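Undergrad: After the sequence you'll find the predicted model.
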Amino acid sequence: MFSHFGICVADLDRSLRFYCDALGFVPAESHEIGNEFARLMELDRVELRSQFIRREEVAIELLGFAEPAPLGDPVRRPINQLGLTHLSFRVDDLEGTAARIAGLGGTVLEQTRTRFDFSGTALDFVYCTDPDGVRIELMDLGS
């Protein structure tokens, strides 16, 4: 059974606000994690806050590292790079969700906007990113 997936974030409070206010997640359990997880995480020392968020059956663990500090640049990965490429959400109000994403520190990639008719149903898609560059697909699949 699938449990959850984790996202390392630069600012845990900002990411918590982003995923809850923009995408409808709710805060769930939170844990202070220390060196007891260093071996599992393949790190010498670990100090972080783990904040779970949930929406229906989906659970995301936001990982706010104090030690070691998060690595990398907050840029979206190429869609054809091996590994996890994006999160995808069905929405009823694509415009409103995109506006919330932009207002909470994310980026809406308007150049990716794709609309077409599929068997009489209007489909509407756009890619966005969270504040750390994680690619998010919004899909309005009509009614």
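TA: Now that the structure is in, tell me what you want to look at. Numbers count the residues shown, from 1 in each chain.
Undergrad: For the longest helix belonging to the chain, what does the pLDDT average out to?
TA: In terms of residue count, the longest helix belonging to the chain (DSSP state H) is helix 12-23. Helix 12-23 comes out with an average pLDDT of 98.
Undergrad: which residues of the chain fall in helices?
TA: Using DSSP H, helices in the chain cover 12-23, 38-41, 94-103.
Undergrad: Identify each buried residue in the shortest one, please.
TA: Read it as helix 38-41. Going by neighbour count (16 or more other CB atoms under 10 Å), nothing in helix 38-41 comes out as buried. For glycine as for every other residue, the C-beta is placed from the backbone atoms N, C-alpha and C.
Undergrad: what does it rub up against?
TA: Around helix 38-41, the neighbours that count as contacts under CB atoms under 8 Å, 6 or more residues apart in numbering are 44-46.
Undergrad: Next one: G103 from F125, what distance?
TA: Distance, G103 to F125, by CB to CB, to the nearest Å: 20 Å.
Undergrad: So if I had to pick from the two, which one is more boxed in?
TA: For G103 versus F125, neighbours defined as other CB atoms under 10 Å are more numerous around F125 (16 against 11).
Undergrad: which stretches of the protein aren't confidently modelled?
TA: Where the chain drops to pLDDT under 70, the residues are 143.
Undergrad: and stretch 113-129, how far from the chain's centre?
TA: Here stretch 113-129 is found 20 Å from its chain centre; the criterion is CA atoms, centre = their mean, to the nearest Å.
Undergrad: Equivalent analysis for stretch 83-102, please.
TA: From the chain centre to the centre of stretch 83-102 is a distance of 9 Å (CA atoms, centre = their mean).
Undergrad: which residues are contacting it?
TA: With contact meaning CB under 8 Å, 6+ apart, stretch 83-102 is reached by 5, 18, 21-23, 77, 79, 107-108, 124, 126-128, 130, 134-141.
Undergrad: Span of it from start to end?
TA: The first and final residues of stretch 83-102 sit 25 Å from each other (CA to CA, to the nearest Å).
Undergrad: Show me the strands in this structure, by range?
TA: Assigned by DSSP state E, the chain shows strands spanning 5-9, 26-33, 47-55, 58-67, 87-90, 107-118, 121-129, 135-140.
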